[in-house]
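1. Show me how the following folds:
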Amino acid sequence: MEFIEIKNCYKIYKNGVTALADGNLTISKGEFVFLIGPTASGKSTLLKLLYREEKPNKGEVHVGNIDISKLRNSKVYKLRRKIGIVFQDFKLLPKLTVYENVAYPLESYGMRSKEIKDFVLKALERVGLKDKYRSYPHELSGGEQQRVCIARAIVNEPKLIICDEPTGNLDPDTSKEIMDVLVKINEELGTTIVMATHDKEIVNRLKKRVITIKNGVIVSDKKKGKYDNEADKNI
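-> The predicted model follows:
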């Protein structure tokens, strides 16, 4: 079985919008995958299905060997421990230092302070921010804040990182730095990365697997793809 497997999935919201229609997708362990498509095409919904923010109306969503579409709400926290999530708007806690923001998920798991320190410093070193551990989010640039988010996402050494427009609020040079960090994590740690993006330059430069979604339908899937100029137009 593949690491991620989506089988005949439908997600229809209460307002009648079909965000995913008969979705079928497999992703192997260690892959780096881009999701592209117009705004409101279903990219974020597909990501939310993977970390169980949403459940499909029909179909199955497997992560590892677990059908998470059937996972009880009380067990979702166990899934989240194995997944790192990076958002466009950082979602850092403003009154906590860089160290405290990265340590936060480990503290919530009940890990001991000594272990937490080792994991946090290792994560910050991987994203090049070990010397900023005492800083607060407002003292950092946008790129540095996003690197803190990546450190927080990888601090528990997950097998899967989900990124929802992680460079959407960053300039091109900073976006490149962030992508270099993610590619390094993918290549050195073997972490599977699934990333939704509108950034054509990033997609074309990295030549990773590219999946295009339009109106909730997966319309193309290319192994070493480029950003289709028609990708941002709905069907």
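2. any idea which helix or strand comes after whichever strand or helix holds Glu144?
-> Secondary structure assignment for Glu144, by DSSP states H and E: helix 142-154. Counting by DSSP H and E, the element after helix 142-154 in chain order, helix or strand, is strand 160-164.
3. what pairs with that following strand, and is each one parallel or antiparallel?
-> Sheet pairing of strand 160-164 (DSSP bridges) gives strand 83-87 (parallel), strand 192-196 (parallel).
4. Same list as before, the ones you listed that is, but in CSV and with mean neighbour count included.
-> C-beta: built from backbone N, CA, C; applies to glycine. Formatted as CSV, those follow (neighbours: other CB atoms under 10 Å):
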stretch, mean neighbour count
strand 83-87, 22
strand 192-196, 24
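5. who touches the nearest residue to Arg80 once chain neighbours are set aside in this structure?
-> Using CB to CB, 6 or more residues apart in numbering and skipping residues adjacent in sequence, the residue nearest Arg80 is Tyr51, 6.5 Å away. Tyr51 makes contacts with 79-80, 83, 85, 162, as judged by CB atoms under 8 Å, 6 or more residues apart in numbering.
6. closest to Gly143 among the residues you listed?
-> Relative to Gly143, the closest of the contacts of Tyr51 is Ile85; by CB to CB it sits at 18.4 Å.
7. Now do the closest residue to the closest one other than its chain neighbours, the pLDDT please.
-> Among residues not flanking Ile85 along the chain, Ile162 sits closest, at 5.0 Å (CB to CB, 6+ apart). Note on Ile162: pLDDT of 97.
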